[in-house]
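In: Got a sequence here, can you build the structure:
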Amino acid sequence: MTGHPVQVWWARLEDARMGLRALLDPVERVRYESTVDPGGRGRFLVGCALSRLVLGELLGLPPADVPLRRVCPRCGGPHGKVHLAPPPDGPSGTLPAYGCSVTFSVTHSGALVGVAVCRGGEVGLDVEESHGDMDIDSAARVALSDVELAALYARPAAERQPAFLRVWTRKEAVLKALGVGLGVPLRELEVSGPEQPPEVLAWPDRLATRPRVSLADTVVDGMHPAAVAVVVAGGAAGKGRGEAGGVRVTVHDGSEPLAEYDH
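Out: Numbering: from 1, shown residues only. This is a model prediction of the structure:
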């Protein structure tokens, strides 16, 4: 079977047990304790703990010793995209167990928390909890290109939320894999339609290069759309386009290692 292998662990907000706080480093603990919203605090705890448990298994390290770092590219503060700190004797993300670079991505929405790990490329993971009271009109005006907006409103009203969320998760996954987040407007990144194989059709002009990116769609609990993107170093995509397919996703139960640790 071909494609970039990506392992994805899904957990839930209800997995935020008090014992998991022992896994947090001092910076994470400050952020956890300063988060006022209980849901946000729980999602942060689950994301940190699950990342450390998964990566600790791969690194052969105690989970609390996994060298996670968050550095904002704008201000240098501890709230940027989380990544593995460079080891003293090797390149960033090099794991002895795999003999090659490993990257990971964390996502959460509502009660869902996910962690993706990939070998041989930068990975981005996004999930969006599907619910009936979402303001699709406002979100679509911010996230979709004119072409995508026209396609969305050509659909019956009942089909718009799932169609929008499928497109949104693909875009978010790509931007997370690139490490730019919402620094690049979603409207300037165009992807294929929900029923089509996932791929990037047009890149924002402000990106200096057109990376090679592969995409895969997935669903959590049979109803919540998610997407995985892998950006491969050492090559650029063709004229304005990304690469369809090319991601092999293996899904794991993230609640299990969290429960085992807390016991």
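
In: Stretch 105-124: end-to-end distance?
Out: Using C-alpha to C-alpha, to the nearest Å, the end-to-end distance of stretch 105-124 comes to 5 Å.

In: Mind listing the strands the host helix or strand of Gln7 pairs with, and their directions?
Out: Gln7 belongs to strand 4-12 when assigned by DSSP states H and E. As defined by DSSP bridges, the strand partners of strand 4-12 come to strand 112-119 (antiparallel), strand 247-253 (parallel).

In: Now stretch 152-161: average pLDDT?
Out: For stretch 152-161, mean pLDDT rounds to 94.

In: Any buried residues in it, and which?
Out: Leu152, Arg160, Gln161 (16 or more other C-beta atoms under 10 Å). The way it works is simple: take the backbone N, C-alpha and C, and place the C-beta from them, glycine included.

In: Start and end of that stretch, how far apart?
Out: End-to-end distance for stretch 152-161: 9 Å, by C-alpha to C-alpha.

In: Among the buried residues of stretch 152-161, name the ones in strands.
Out: When DSSP state E defines the strands, the subset of these inside them is empty.

In: Nearest to Val117 among those?
Out: Gln161 (29.6 Å; C-beta to C-beta).

In: now the helices for this structure?
Out: Taking DSSP state H as the criterion, the chain carries its helices at 26-34, 38-59, 136-143, 146-153, 157-178, 255-262.

In: mind checking which of those helices is nearest Val220?
Out: Nearest of the helices of the chain (C-beta to C-beta): helix 157-178, 10.4 Å.

In: how far is the closest one from where the chain is centred?
Out: How far helix 157-178 lies from its chain's middle: 12 Å, per C-alpha atoms, centre = their mean, to the nearest Å.

In: Which strands and helices lie in contact with it?
Out: When contacts are defined as 3 or more C-beta pairs under 8 Å, 6 or more residues apart in numbering; DSSP states H and E, helix 157-178 sits against strand 100-109, strand 122-127, helix 136-143, helix 146-153, strand 190-191, strand 211-220, strand 224-236.

In: how about these, which one is nearest Pro38?
Out: Per C-beta to C-beta, nearest to Pro38 of those: strand 100-109, 13.7 Å.

In: Tabulate the helices of the chain in CSV, adding columns for distance to Arg119.
Out: Converted to CSV, the helices of the chain look like this (distance: least, C-beta to C-beta, whole Å):
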stretch, distance to Arg119
helix 26-34, 25
helix 38-59, 10
helix 136-143, 30
helix 146-153, 32
helix 157-178, 14
helix 255-262, 20
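
In: quick revisit: now, among the buried residues of stretch 152-161, which is nearest to Leu61?
Out: When those are compared for distance to Leu61 (C-beta to C-beta), Gln161 comes out closest, at 41.6 Å.

In: Flag the shaky bits of the stretch 101-250 of the chain, pLDDT-wise.
Out: Flagging of the stretch 101-250 of the chain using pLDDT under 70 yields the residue ranges 132, 181-183, 208, 233-245.
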